[in-house]
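> the following block contains a protein sequence and its predicted model.
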Amino acid sequence: MDAEAMKLLAAGLSMGLGAIGPGIGIGILGYGAVQAVARNPEARGQIFTNMIFAIALAEAVAIYALVVSIILLFVA
Amino acid sequence: MAKKKGCLGCSFPVAIVVGLVILAVSVVSLLGGAFGNALFGDVGLPEWLSVSAPHPELPAATIFHIGSIPFTNTMITAWITIIVLVAFFYFGTRNMKLIPGRYQMIIESIIGYILGLCQDIAGEKYGRKFFAIVTTIFLFVIANAWISLIPGIGSIIVHTSEGEAELFRGVNTDINFPLALALVSFVFVEYWGIKTLGIKYFTKFVNTHKLTSSIGKLFKGDVKAGLAGIFYGIIDIFIGFIELLSELMRVISFTFRLFGNMTGGEILLLMMLFLAPFLLAIPFYGLELLVGFIQALVFSSLTLVFANIAVSPTHAEE
């Protein structure tokens, strides 16, 4: 396998594997938020804001993977 | 597609024309993109309809020099954003009335929304204090993200001394800007922390209180409590070290979150335009509008949350 093919493979794997964890995390967060809203519909706004923060923190991990992929594809 | 009379608020002929245009655009979009080329081969569409594969470049291109300072295309967009924001808020608040008009209402609701957010998270007293920086970050990030989403803004090409370059490019996609914004946020969080708590602020990072007091206990003869205290004291010092590290990691995390989201979004749009021009990119435009808002909200409110943590006194001292 030459270096170019390796680079493409690494970029794809980095993004794909890096998205597993955040995907599970955001799924759990969404589950929790929907359940919370179902139990207490009045607190919708606050739950939504908190959910967005938590999602942003979970999503940051996927973003790191994306940055690694972009660097592998276009810079390295 | 069955069309009723007066379909979608248009009269019958107008609806047919609109439907035909949408159909034509879909056909062209299916044939002209990479999907069509793979499915049907080259059907010989004119040159200007086909979209070439995108080659995203991460470093911003230099457009011109002022003295010896290189002026990049992202800086042009940043200044345009500043001018747009200043003009928007200057003309909206120039003659304010007690009963606001539509324009003043927009501005009041934007400011009210962020002020409400600040006071929700940081409380009445500190919310007002953090408000200026948080609002600036929020408005700049969201305005820049949306300005760089205006269709066609990335297709203005200028010729520079180093070849062709786009005239405008969203400043969030240049790694230097998110880094600068993250540093601003970091510096302000530390400043507020030190200003509010004084020297006590640093006990969060260098927490030797428990260790020294339990060494004192050991000398007074209370061996059991002393040894346990020394053990917990060492853990406290270690936690302080981790706290310091996470404080510094925030800058990196802030930088790459904004940069990655915005750059990823831009590349996503370009790729969708390449796969099937016109049609496929439209849903992703909507997504990018949402992402711009959420990233602005996340950047500003994480600054708010960290500032709130910094000004609340630590529970370490008993």
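That came in fine, so what should we check first?

> can you tell me the SS state at the nearest residue to residue B:62 once chain neighbours are set aside?
Nearest-residue entry for residue B:62: residue B:70, 4.3 Å, with adjacent residues in sequence omitted and distances by CB to CB, 6 or more residues apart in numbering or on different chains. (Glycine included, C-beta is placed from N, CA and C.) Classification of residue B:70 by DSSP: H, G, I helix; E, B strand; the rest coil places it in strand.

> count the residues that sit near residue B:111.
15 (other CB atoms under 10 Å in any protein chain shown).

> still on that earlier bit, can I assume the residue nearest to residue B:62 is in contact with residue B:60?
No - contact criterion CB atoms under 8 Å: residue B:70 and residue B:60 do not qualify, at 9.2 Å.

> between the two, who's got more neighbours?
Neighbour totals were compared for residue B:70 and residue B:60, and residue B:60 leads with 23 against 14 (other CB under 10 Å).

> buried ones in the host helix or strand of residue B:28, by neighbour count?
Here residue B:28 sits within helix B:12-32, counting by DSSP states H and E. Neighbour-count burial for helix B:12-32, with 16 or more other CB atoms under 10 Å in any protein chain shown as criterion, is recorded at B:15, B:28-32.

> out of those, flag the one nearest to chain A.
Set against chain A, the nearest of these by CB to the nearest CB is residue B:32 (24.6 Å).

> how much space separates that closest one from residue B:24?
12 Å (CB to CB, to the nearest Å).

> and the pLDDT at residue B:288?
pLDDT, residue B:288: 90.

> again but with residue B:6, I slipped
Looking at residue B:6, its pLDDT reads 58.

> which one's the longest helix in chain B?
As assigned by DSSP state H, the longest helix anywhere in chain B is helix B:223-275.

> mind checking if the very next helix or strand once past it is in reach of chain A?
Downstream of helix B:223-275, the first helix or strand assigned by DSSP H and E is helix B:281-311. Yes - contact of helix B:281-311 with chain A (CB under 8 Å from any CB of the partner chain) involves B:294, B:297-298, B:301-302, B:305.

> flag every buried residue along helix B:281-311.
Buried residues in helix B:281-311, counted by 16+ other CB under 10 Å: B:281, B:284, B:288, B:291-304, B:306-308, B:310-311.

> equivalent analysis for stretch B:109-128, please.
Within stretch B:109-128, the residues scored as buried using 16+ other CB under 10 Å are B:110, B:114, B:117-119, B:121-122, B:126-127.

> any idea which element residue B:125 lies in?
helix B:102-147.

> same check on residue B:216?
helix B:209-220.

> so what secondary structure elements neighbour that helix?
Here helix B:209-220 touches helix B:223-275, going by 3 or more CB pairs under 8 Å, 6 or more residues apart in numbering or on different chains; DSSP states H and E.

> and the angle for the helix it packs on with helix B:209-220?
Helix B:223-275 and helix B:209-220 meet at an angle of 160 degrees, taking axes from the mean of the first three to the mean of the last three CA atoms, to 10 degrees as the criterion.

> so which bits of the top helix by length along chain A are buried?
Of all the segments assigned as helix in chain A under DSSP H, the longest by residue count is helix A:44-70. Across helix A:44-70, burial judged by 16+ other CB under 10 Å covers A:47, A:50-70.

> and the helix holding residue B:216, how far out from the chain middle?
47 Å (CA atoms, centre = their mean, to the nearest Å).

> ok, residues contacting that helix?
Contacts with helix B:209-220, where a contact means CB atoms under 8 Å, 6 or more residues apart in numbering or on different chains, come from B:203, B:225-230, B:232-234, B:236-237, B:316-317.

> pLDDT and distance to residue B:165 added to these, as CSV?
Shown next, in CSV, are those (pLDDT from 0 to 100; distance: CB to CB, whole Å):
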residue, pLDDT, distance to residue B:165
B:203, 80, 51
B:225, 78, 69
B:226, 80, 68
B:227, 82, 67
B:228, 82, 65
B:229, 82, 63
B:230, 83, 62
B:232, 84, 59
B:233, 84, 58
B:234, 86, 56
B:236, 84, 53
B:237, 85, 52
B:316, 49, 53
B:317, 47, 56
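
> farthest-apart pair in those residues, please.
Using CB to CB, the pair of the contacts of helix B:209-220 lying farthest apart is B:203 and B:227, separated by 23.0 Å.

> the two - which one has more neighbours?
Shown here are residue B:203 and residue B:227; by other CB under 10 Å, residue B:203 has more neighbours (17 against 12).

> around chain B, which positions in chain A sit nearby?
Counting by CB under 8 Å from any CB, the residues of chain A close to chain B are A:46, A:49, A:52-53, A:56, A:59-60, A:63-64, A:66-67, A:70-71, A:74-75.
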